[in-house]
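Asker: got a structure for you, letters missing:
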Ligand SMILES: Nc1ncnc2c1ncn2[C@@H]1O[C@H](COP(=O)(O)OP(=O)(O)O)[C@@H](O)[C@H]1O
Ligand SMILES: [Mg+2]
């Protein structure tokens with residue numbers, strides 16, 4: 001096994017005055033995580049800049065941090081794919097500091113689970129009973145190069161992006177999403193297998209109607225908050241118009257929640273044959289879409305240039321971070337992979353200033369150290385080379 005690579009915290013990082021307290025990863029230990037046999041990083045709140053050549057392990061490190069949030073991480077990889085080739089089962093441990101104190105998170109692939117594709121999760125050494133416990137204490141948002149086409153590609157990516165943001169506002173959203181998807185999968189299986197037990201189908205449709213309407217309501221509320229913040233955002237990032245398009249969301253706009261549940265239940269009941277024959281559940285929040293528009297040009301986001309689309313995404317994430325900082329008394333952790341690549345010098349500089357003003361712990365990764373020069377005296381620079389970390 002490679003020796004531990006310890007990066008001690010050396011000097012206090014200068015922070016702008018009057019910042020909102022942030023949730024911050026204070027310590028991170030990776031074991032058999034992709035290229036990393038074992039790596040340790042001790043870091044203070046502030047901006048962390050990861051630099052190194054292609055393939056060095058920058059995105060892998062951000063991916064590890066993304067597993068401090070529920071779900072499949074920022075690459076949505078199979079968990080077994082992450083085990084270091086020729087090594088053991090991956091795990092990671094972290095100490096997170098937030099305004100309420102410090103807590104430890106341990107997670108990794110549970111190789112003993114039936115599929116081998118589940119994650120175990122411990123908080124302060126004890127198995128976490130629900131992910132909500134974690135979500136209430138830490139929110140994480142990320143932007144990766146894979147999201148450059150978020151607005152141009154399929155709606156599923158935008159829904160995932162949106163649902164993560166909604167979870168920041170409403171930690172219960174995540175478990176409702178899982179419950180909805182479980183019931184939908186189970187209903188599809190019954191229909192496919194020709195199981196016609198009406199009470200079983202009815203019970204599943206009941207769960208879908210209840211959780212589905214709650215999901216749609218949470219999305220509507222969050223999008224309204226975000227749209228407000230995105231429309232009035234200062235600085236050189238574009239103002240973004242946001243809206244959500246979906247049948248259940250539209251019902252909620254036109255009738256009380258109980259009536260929307262009733263309408264959704266009815267639609268599910270009536271579309272059993274179609275859903276069975278098409279293999280697609282026709283109606284529900286799993287088909288909704290997040291619509292975005294560049295308010296400066298009036299163009300829909302999917303038709304803006306790649307650089308503009310990136311700027312729109314950054315604007316949304318900055319607005320989200322500001323709102324979370326205000327609502328939850330702690331800014332979220334931001335993972336920004338290769339975001340500087342598409343930005344001109346003015347926007348790059350504005351982004352750095354916005355991040356510092358936000359006070360969020362922000363992890364920036366890029367190949368070109370020169371792009372981060374401006375952050376020299378404000379950030380902790382970490383060089384990543386062949387899955388080894390060193391302070392620079
Ligand atoms: N399971 C794994 N075991 C060992 N190495 C891996 C594994 N998964 C990915 N890698 C290696 O990680 C490297 C990519 O790291 P990445 O973090 O994406 O680089 P970058 O610094 O460019 O962001 C590749 O060289 C790849 O071979
Ligand atoms: Mg990368």
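Answerer: Received, thanks. If you're wondering where the values come from, they're calculated on a predicted model, not measured in any experiment. Ligands and ions are numbered 1, 2, ... in the order given.

Asker: Next up, the contacts around residue 179.
Answerer: If you count contacts by CB atoms under 8 Å, 6 or more residues apart in numbering, residue 179 has them with 207, 211. In this view, the C-beta of every residue, glycine as well, is placed from N, C-alpha and C.

Asker: Ends of stretch 25-39, what's the gap?
Answerer: Terminal residues of stretch 25-39 lie 15 Å apart, using CA to CA, to the nearest Å.

Asker: Check what contacts that stretch and list those residues.
Answerer: Stretch 25-39 has contacts (CB under 8 Å, 6+ apart) with 1-5, 40-45, 57, 60-61, 63-65, 68, 82-84, 87-97, 102, 108, 333, 361, 386-389.

Asker: Which among the residues you listed count as buried?
Answerer: Buried members of these, scored by 16 or more other CB atoms under 10 Å, are 5, 40-45, 57, 60-61, 63-65, 68, 82-84, 87, 89-94, 96-97, 108, 333, 361, 387-389.

Asker: where does the nearest residue to residue 162 once chain neighbours are set aside land in three-state SS?
Answerer: Once flanking residues are discounted, residue 162 sits nearest to residue 290: 4.5 Å by CB to CB, 6 or more residues apart in numbering. Secondary structure, DSSP: H, G, I helix; E, B strand; the rest coil: residue 290 is strand.

Asker: Over to residue 160?
Answerer: Assigned by three-state DSSP, the conformation of residue 160 is helix.

Asker: Report pLDDT for it.
Answerer: Looking at residue 160, its pLDDT stands at 96.

Asker: now swap in residue 307 and tell me
Answerer: pLDDT, residue 307: 89.

Asker: which residue packs closest to it, ignoring adjacent ones?
Answerer: Per CB to CB, 6+ apart, closest to residue 307 is residue 342, 4.7 Å.

Asker: Would you agree the one you found is in contact with residue 306?
Answerer: Yes: checked against CB atoms under 8 Å, the pair residue 342 and residue 306 is within contact range at 6.6 Å.

Asker: which neighbours do the two share?
Answerer: By CB under 8 Å, 6+ apart, the residues touching both residue 342 and residue 306 are residue 148.

Asker: These two: which has the busier surroundings?
Answerer: Using other CB atoms under 10 Å as the criterion, residue 342 and residue 306 rank with residue 342 on top: 19 against 11.

Asker: Distance of the more buried one relative to ligand 1?
Answerer: 16 Å (CB to the nearest ligand atom, to the nearest Å).

Asker: What residues does that residue make contact with?
Answerer: 148, 306, 307, 310, 311.

Asker: Repeat the analysis, applying 10 Å as the threshold.
Answerer: Residues in contact with residue 342 (CB atoms under 10 Å, 6 or more residues apart in numbering) are 145, 148, 305, 306, 307, 308, 309, 310, 311, 313, 314, 348.

Asker: a markdown table please, covering those and showing secondary structure.
Answerer: Shown next, in a markdown table, are the contacts of residue 342 (three-state DSSP):
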| residue | secondary structure |
| --- | --- |
| 145 | helix |
| 148 | coil |
| 305 | coil |
| 306 | helix |
| 307 | helix |
| 308 | helix |
| 309 | helix |
| 310 | helix |
| 311 | helix |
| 313 | helix |
| 314 | helix |
| 348 | helix |
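
Asker: Which of those sits closest to ligand 2?
Answerer: residue 145 (7.1 Å; CB to the ion).

Asker: Residue 267 contacts residue 205, correct?
Answerer: Yes: Residue 267 is in contact with residue 205 according to CB atoms under 10 Å; the separation is 9.3 Å.

Asker: Name the residue in these two with the higher neighbour count.
Answerer: More crowded of residue 267 and residue 205, by other CB under 10 Å: residue 205, with 21 against 18.

Asker: Can you tell me the SS state at residue 95?
Answerer: strand.

Asker: Would you mind measuring from it to residue 40?
Answerer: For residue 95, the distance to residue 40 equals 11 Å [CB to CB, to the nearest Å].

Asker: Would you indicate which residues of the least confident helix or strand in the chain by mean pLDDT are buried?
Answerer: For the chain, using mean pLDDT, DSSP states H and E, the weakest element among its helices and strands is helix 131-135, scoring a mean of 84. Neighbour counts over helix 131-135 (16+ other CB under 10 Å) mark 131, 132, 134, 135 as buried.

Asker: How far does the helix or strand just after it sit from its chain's centre?
Answerer: Following helix 131-135 in sequence order, the next helix or strand is strand 140-143 (DSSP states H and E). Mean-position distance between strand 140-143 and its chain equals 5 Å (CA atoms, centre = their mean, to the nearest Å).

Asker: Also stretch 241-257?
Answerer: So, by CA atoms, centre = their mean, the centroid of stretch 241-257 is 23 Å from its chain's centroid.

Asker: I'd like the average pLDDT over that stretch.
Answerer: The model assigns stretch 241-257 a mean pLDDT of 97.
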